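Predicted model and sequence below, questions to follow.
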Amino acid sequence: MFVACADRVVLPDSYINLNSPNKGLLSDSMTDVPVDTAVAAQTPAVEGLTEAEEEELRAELAKVEEEIVTLRQVLAAKERHCAELKRKLGLSALEGLKQNLSRSWHDVQVSNA
């Protein structure tokens, strides 16, 4: 979930760079992201929505954002558990790559192309 401050929005690091090699490793650290408060304050409500509808949508949005954060945390925990199991089994990323290359090479050799 993000934290809104007067002049910035604070997001977990995982929101900022999903291409990071650490993307599955959530941390408790937060990153400040500057926000133009003048633009944010001028954002008009969607026309045609009543105040109650807008409030309901905002509540639903907050709930969905919380669920996303929870799912990311669960995924990160599963990824850590998976890495631990692989470590205990003696499997490594290099070993997995070797197996994939061997399998692909075998598939190329037996294909009719």
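Done, it's in.

In the record's domain split, what are the boundaries for this protein?
Following automatic domain parsing, one finds the domains of the chain at 1-43, 48-113.

Quickly, which of those bottoms out on average pLDDT?
Mean pLDDT is lowest for domain 1-43 among the domains of the chain, at a mean of 52.

Please point out which parts of stretch 51-61 sit buried.
Within stretch 51-61, not a single residue qualifies as buried, counting by 16 or more other Cβ atoms under 10 Å. The C-beta positions use only the backbone N, C-alpha and C, and glycine is treated the same way.

Now do residue 87 against residue 56, distance only.
47 Å (Cβ to Cβ, to the nearest Å).

whoops, I mixed them up, residue 62
To residue 56, residue 62 is 11 Å away according to Cβ to Cβ.

so what secondary structure elements neighbour the helix ranked longest in the chain?
If you go by DSSP state H, the chain has its longest helix at helix 51-89. With contacts defined as 3 or more Cβ pairs under 8 Å, 6 or more residues apart in numbering; DSSP states H and E, helix 51-89 has no helix or strand neighbours.

That one: what's the following helix or strand?
Downstream of helix 51-89, the first helix or strand assigned by DSSP states H and E is helix 93-110.
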